[in-house]
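Chemist: Coordinates only, no sequence provided:
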């Protein structure tokens, strides 16, 4: 896994197209290798990294992995391949994604795969719509550089001018708000408000909603838990909460993690987001999710790795993770996830027993390198 993230970092920093192509090709080859030593957990991480690269060269391999319904191709790997296609965002992938959005009675139906592909399909359609609208390549994490902040200002100025010139626009705006009473974007909504842009380096499966700026954290939590909303809309609420940050947002996400029964896909993404936020108030929710034997393995996997990211309560998290790593009767994905979380904590310098043997200067240097490595790791935390 470290090698995969190192390759991702090299891909991002290399000015050479041939080098980037070789890196993508190597990861695609690794993704397709189903040998016993290449576990489902590792292969799903390769798919995740390919999505983060957003290299169209990876699309054929990702589509092949998504369409491979064989027993030796774990649903977690297929899910990550579908989500990666959404991150890359090629309109040509819509047909492949649509083909995996199946009904319960269809042959080869998987609720996790169907939901993944529906979210990825909706995301690409959303991005294509905004690309056409703004005549520019979409990028939430590069919003200010892409001129989104200026677009917001221009849109606001245009709206103000229109209101001054035509009083009927107020009525039309109210009608538009009524049509979007679930906080869906109106046709002229900006891609993102500058204050909601992601503080993380990850390419996410859904954007935050600019209309959420004026919505309370508690209300956003209720919306994430609202099963009547489409999953893509619930994802938007989740990322709006993450970008808002703070303990109150983590609590709302944690409540959803342990109370939702509608979507393992949503719960696993919430656990991932809580790992990105790295706040200690989320520990109890993550432990409860990890401990549930009847929870989906991909949710428990993300809960374990998220625990490994909570530095401020590391001693508590470490005890839990060691217990799952050493339990030979536990699900192999959960065991491996706990092992990865523990290894990452040591590698990133969370383990106080490791730091105790170093000098002050070395510790300071290690801490600095830790933050740099986290930025290129599983949770994509900016430094």
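Modeler: Here it is on my side, so go on. Since we're looking at a predicted model, the values are computed, not measured.

Chemist: Sketch out the strands for the stretch 51-200 of the chain, chain order is fine.
Modeler: Assigned by DSSP state E, counting those that start in this stretch, the strands in the stretch 51-200 of the chain number zero.

Chemist: in it, which ranges drop under the pLDDT threshold?
Modeler: Across the stretch 51-200 of the chain, residues meeting the criterion (pLDDT under 70) sit at 133-197.

Chemist: in it, which spans are helices?
Modeler: Along the stretch 51-200 of the chain, the segments classed as helices by DSSP state H, counting those that start in this stretch run 59-67, 75-88, 94-99, 111-134, 148-165, 168-179.

Chemist: Give me the helices and strands touching the second one, please.
Modeler: Yep, that's helix 75-88 we're talking about. In this structure, helix 75-88 makes packing contacts with helix 40-53, helix 59-67, helix 94-99, helix 111-134, helix 297-307, judged by 3 or more C-beta pairs under 8 Å, 6 or more residues apart in numbering; DSSP states H and E. Glycine gets a C-beta too; all of them are placed from N, C-alpha and C.

Chemist: Give me the helices and strands touching the fourth one, please.
Modeler: The contact analysis (3+ C-beta pairs under 8 Å, 6+ apart) places helix 111-134 against helix 75-88, helix 94-99, helix 231-244, helix 264-277.

Chemist: Centre of the chain to that helix, how far?
Modeler: Taking C-alpha atoms, centre = their mean, to the nearest Å, one finds helix 111-134 lying 14 Å from the centre of the chain it belongs to.

Chemist: Mind listing what's buried along that helix?
Modeler: Neighbour-count burial for helix 111-134, counted by 16 or more other C-beta atoms under 10 Å, picks out 112-124, 126-127, 130.

Chemist: Quick one: residues in contact with it.
Modeler: Here helix 111-134 makes contact (C-beta atoms under 8 Å, 6 or more residues apart in numbering) with 66, 75, 78-79, 82-83, 85-86, 89-91, 93-94, 97-98, 100-102, 104, 137-138, 147, 151, 191, 205-207, 230-232, 235, 263-265, 296, 298.

Chemist: which of those are buried?
Modeler: Buried among the contacts of helix 111-134 by 16+ other C-beta under 10 Å: 66, 75, 78-79, 82-83, 85-86, 89-90, 93-94, 97, 100-102, 138, 151, 191, 205-207, 231-232, 235, 263-265, 296, 298.

Chemist: Closest to residue 336 out of the buried residues of helix 111-134?
Modeler: For the buried residues of helix 111-134, the closest approach to residue 336 (C-beta to C-beta) belongs to residue 112, at 18.8 Å.

Chemist: how far away is that closest one from residue 298?
Modeler: According to C-beta to C-beta, to the nearest Å, residue 112 and residue 298 sit 7 Å apart.
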